[in-house]
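In: how does the following fold in three dimensions:
(chains A and B)
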Amino acid sequence: KQEVTQIPAALSVPEGENLVLNCSFTDSAIYNLQWFRQDPGKGLTSLLLIQSSQREQTSGRLNASLDKSSGRSTLYIAASQPGDSATYLCARRGGSEKLVFGKGTKLTVNP
Amino acid sequence: GAGVSQSPSNKVTEKGKDVELRCDPISGHTALYWYRQSLGQGLEFLIYFQGNSAPDKSGLPSDRFSAERTGGSVSTLTIQRTQQEDSAVYLCASSLGLTSYEQYFGPGTRLTVT
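Out: Numbers count the residues shown, from 1 in each chain, chains lettered A, B, ... in the order given. As a prediction, the model looks like this:
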């Protein structure tokens, strides 16, 4: 069974802190991994896509890494801001076209 | 450019009624996906289309659920004889192609079955 686990389920940090969100998956056969953010009552916004041949991707203050051998991905957020408050979801694409999602990490950045 | 759009944004229906949910993908995107997000289950895959064909319907929870896509563009998800457990947010996504391409999501349709 394909499973994606995100730890922690919730995280609260003061503004300006650097933080890491974790994502692990049980099946190392992977095409790519995608990170999303979801604001309350909204759809998903794609943040970063890492192909299986890549080790990391960067966009602004965000950096995502992928370690297939250990079945882990991390999303690093630098200098967090209150506007970063949202739920962050990782999703793995393995042997099929569907994305398999974790349950997310709810991030709160306090001013 | 325009993103993925979905309609209606909210739908309240009585148990036993049929509902249709619509998705307009990003222009030029050949792949289209339907997912469901519910409190207890998180985000679950329902079905995907490549062009007008649906190679993988494995996520449809029952035969009350069906979907079609016409002209390689708009897709409709139909739920017949709705049940309370169908209440969820239904999300549509599209991508330029399969496998290695990024999926872009619409805002979703919140379905409430009373």
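
In: got the CA positions of the lowest-mean-pLDDT helix or strand in chain B in CSV?
Out: Lowest on mean pLDDT, DSSP states H and E among the helices and strands of chain B sits strand B:53-56, with a mean of 88. Output of strand B:53-56 as CSV, limited to C-alpha atoms (Å, rounded to 0.1, in the frame of the first residue of the first chain):
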residue,chain,number,x,y,z
SER,B,53,-10.1,8.7,-22.3
ALA,B,54,-10.1,7.6,-18.6
PRO,B,55,-7.4,5.0,-18.2
ASP,B,56,-7.7,4.9,-14.4
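
In: partner strands of that strand, parallel or antiparallel?
Out: strand B:42-50 (antiparallel) (DSSP bridges).

In: what sits up against the strand it pairs with?
Out: Contact with strand B:42-50 is made by A:89, A:91, A:97-104, B:30-38, B:54-61, B:65, B:67, B:69, B:75, B:77, B:90-91, B:98, as judged by Cβ atoms under 8 Å, 6 or more residues apart in numbering or on different chains. To be clear about C-beta, it is placed using only N, CA and C from the backbone, and glycine gets the same treatment.

In: and for stretch A:73-80?
Out: Contact with stretch A:73-80 is made by A:13, A:15-25, A:33, A:35, A:47-48, A:50, A:61-67, A:84, A:88, A:90, A:107, A:109, as judged by Cβ under 8 Å, 6+ apart.

In: let's go with 7 Å and repeat that
Out: Here stretch A:73-80 makes contact (Cβ atoms under 7 Å, 6 or more residues apart in numbering or on different chains) with A:13, A:15-23, A:33, A:35, A:50, A:61-66, A:84, A:88, A:90, A:109.

In: quick one: average confidence on that stretch?
Out: Here stretch A:73-80 scores 97 as its mean pLDDT.

In: now do stretch B:69-83
Out: Stretch B:69-83 shows a mean pLDDT of 95.

In: so how far is it off the chain centroid?
Out: Between the centre of stretch B:69-83 and the centre of its host chain there is 7 Å, according to Cα atoms, centre = their mean, to the nearest Å.

In: and the buried ones among the contacts of stretch A:73-80, selectable in PyMOL?
Out: To isolate in PyMOL the members of the contacts of stretch A:73-80 that are buried, counting by 16 or more other Cβ atoms under 10 Å in any protein chain shown, one can use:
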select buried, chain A and resi 13+19+21+23+33+35+50+62+63+64+65+66+84+88+90+109
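
In: in strands, which of the contacts of stretch A:73-80 fall?
Out: Among those, the members found in strands (DSSP state E) are A:13, A:19-23, A:33, A:35, A:50, A:62-66, A:88, A:90, A:109.
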